[in-house]
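Colleague: Coordinates only, no sequence provided:
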């Protein structure tokens, strides 16, 4: 793959994600609140481990990469 094409695609994806975070935060409100995501709040510390959310994002990125690199 051409490095220029990869950089343009990554830049457009980051810009799209930035627009979603800025103007449509309700679209990503589910992140971190799925069953299997660990959120522990104590008086002195906070631990957040988004296991299920990361599995879903990994699956989506894998599907996108497979469609992108298919010949």
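Modeller: Right, received. Where do you want to start? Everything quoted here is computed from the prediction, not taken from an experiment.
Colleague: Residues contacting the helix or strand containing residue 65, please?
Modeller: When secondary structure is defined by DSSP states H and E, residue 65 falls within helix 51-69. Contacts made with helix 51-69 from outside it, assessed by Cβ atoms under 8 Å, 6 or more residues apart in numbering, are listed as 1, 9, 30, 31, 32, 34, 35, 36, 37, 38. C-beta coordinates here come from the backbone N, C-alpha and C atoms, glycine included.
Colleague: quick check, nearest of the residues you listed to residue 20?
Modeller: Of all the contacts of helix 51-69, the one sitting nearest residue 20 is residue 31; the distance, using Cβ to Cβ, is 11.3 Å.
Colleague: quick one: the closest one and residue 21, what's the gap?
Modeller: In this structure, residue 31 lies at 11 Å from residue 21, with Cβ to Cβ, to the nearest Å as the measure.
Colleague: And these two? Which one has more around it.
Modeller: Neighbours were tallied for residue 31 and for residue 21 using other Cβ atoms under 10 Å; the higher tally belongs to residue 31 (14 against 11).
Colleague: In three-state terms, label that one for me.
Modeller: Secondary structure of residue 31, reduced to three states by DSSP: H, G, I helix; E, B strand; the rest coil: coil.
Colleague: tell me the contacts of it?
Modeller: 50, 53 are the contacts of residue 31 under Cβ under 8 Å, 6+ apart.
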